[in-house]
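[1] Generate a structure from the sequence data that follows.
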Amino acid sequence: MDDLTLLPAQLDALLTGETNTIANLSNAAALLMQTLPDLNWAGFYLFDEAANDLILGPFQGKVACMHITPGNGVVGTSFAKKEVLVVPNVHEFAGHIACDSASESEIVAPIIVNNKIVAILDIDSPSLNRFSTSDADIITEFAAIVAKHF
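    Model (predicted):
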């Protein structure tokens, strides 16, 4: 990934003044897709507490799985562990949910508001080993900006 340290600040500027969560998540997904090279999907799964389910939210990319149970797949594991996950090869991740067979690597980050996960940011790449530790740091900060505007 190129030097993308400005990405969280760009997101903050983009979302400032907008209070609609769907609009903010939509623009956050679009910013990721237009800024990060070598992606095939970027978007959000929103946590429905009553149903104990992660529901497909705003995204950019091909059609996606609509429901993910907490604890299942990369997204559900991130939710259960309440942490960012970098998966260099999704085919080696136990329980990976293949929503798009073209995806090879993935990074996910929880969106935490008032100490509760409200969503999971999910980013997929068609390349193996696409995401680095520095990418994880930037995506962690990006997720915190999303939470600030949630």
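[2] Phe44 in helix, strand or coil?
    strand (DSSP: H, G, I helix; E, B strand; the rest coil).
[3] Tell me the bridge partners for it.
    Leu121 (DSSP bridges).
[4] And the residue lying farthest from the centre of the chain, what's its pLDDT?
    Going by CA atoms, centre = their mean, the residue of the chain most distant from its centre is Gly17, 22.4 Å out. Here the pLDDT value assigned to Gly17 is 96.
[5] do Asp3 as well
    Per-residue pLDDT puts Asp3 at 56.
[6] Likewise for His96?
    pLDDT, His96: 74.
[7] In contact with it: list those residues for me.
    For His96, the contact set (CB atoms under 8 Å, 6 or more residues apart in numbering) comprises 73-74, 87, 90. The C-beta positions use only the backbone N, C-alpha and C, and glycine is treated the same way.
[8] Dump those residues to JSON lines, plus pLDDT and secondary structure.
    Output for the contacts of His96, formatted as JSON lines (pLDDT from 0 to 100; DSSP: H, G, I helix; E, B strand; the rest coil):
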{"residue": "Gly73", "pLDDT": "93", "secondary structure": "helix"}
{"residue": "Val74", "pLDDT": "96", "secondary structure": "helix"}
{"residue": "Val87", "pLDDT": "96", "secondary structure": "strand"}
{"residue": "Val90", "pLDDT": "92", "secondary structure": "helix"}
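[9] Taking those residues together, which two end up most distant?
    Maximum pairwise distance among these (CB to CB): 10.0 Å, between Gly73 and Val87.
[10] Between those two, which contacts overlap?
    In contact with both Gly73 and Val87: 93, 96, using CB under 8 Å, 6+ apart.
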